[in-house]
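J.: How does the following fold in three dimensions:
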Amino acid sequence: MAQIPARTGCSRQLTRKQTGDAWEAAARQWLECKGLHFIAANVHERGGEIDLIMREGNTTVFVEVRYRRSALFGGAAASVTRSKQYKLLQTARVWLARHNGSFDTVDCRFDVLAFTGNDVEWIQDAFNDRS
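T.: Reported below is the predicted structural model:
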């Protein structure tokens, strides 16, 4: 019976996807400790992806999770550009429509949960469809 050769020279470093998934899981846990309730993760719709969808009271919260090892080139929160905000708004609009809602009928907000090194920054209502 043939043996599977041992992998040599393999890095123990996580891929970008694995790192992103780990920080999104940490973000979900962190937000749940703050009283938010989980609805969905990694929601893909036409034009983009929403990392987390949570609920706080009657408010649907769309969460963008960002991680940067350091603030050397700007912190994690600074990486949510206008272009990224636009994509998140469009993705949320499609998701709401699939769930019989819209920005006019559903109380919602867009938060950014930014991990920079060991610091956590939660920016509630970071942007909206009117900004």
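J.: Follow the chain on from the worst-scoring helix or strand of the chain on mean pLDDT and name the next helix or strand.
T.: Here the helix or strand of the chain ranked lowest by mean pLDDT, DSSP states H and E is helix 16-33, holding a mean of 86. Heading C-terminal from helix 16-33, the first helix or strand you meet, by DSSP states H and E, is strand 37-45.
J.: Let me see the mean pLDDT of that following strand.
T.: Averaged across strand 37-45, pLDDT comes to 95.
J.: List the buried residues for it?
T.: Residues of strand 37-45 classed as buried: 41, 43, 45 (neighbour count, 16 or more other C-beta atoms under 10 Å). C-beta coordinates here come from the backbone N, C-alpha and C atoms, glycine included.
J.: Flag the shaky bits of the protein, pLDDT-wise.
T.: Applying pLDDT under 70 to the chain picks out residues 1-12, 14, 70-75, 131.
J.: For it, which segments count as helices?
T.: Here the chain has its helices, by DSSP state H, at 16-33, 82-98.
J.: about what we covered before: determine the set of other helices and strands touching the least confident helix or strand of the chain.
T.: When contacts are defined as 3 or more C-beta pairs under 8 Å, 6 or more residues apart in numbering; DSSP states H and E, helix 16-33 packs onto strand 37-45, strand 48-56, strand 59-68, strand 108-116.
J.: Please render the ones you listed as a markdown table that adds distance to residue 17 to the earlier fields.
T.: Converted to a markdown table, the helices and strands packed on helix 16-33 look like this (distance: least, C-beta to C-beta, whole Å):
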| stretch | distance to residue 17 |
| --- | --- |
| strand 37-45 | 10 |
| strand 48-56 | 12 |
| strand 59-68 | 13 |
| strand 108-116 | 16 |
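J.: my guess is residue 92 meets residue 110, correct?
T.: Yes. In terms of C-beta atoms under 8 Å, residue 92 counts as a neighbour of residue 110; the distance is 7.3 Å.
J.: For residue 55, which of the helices of the chain is the nearest?
T.: The closest of the helices of the chain to residue 55 is helix 16-33. By C-beta to C-beta, the value is 10.3 Å.
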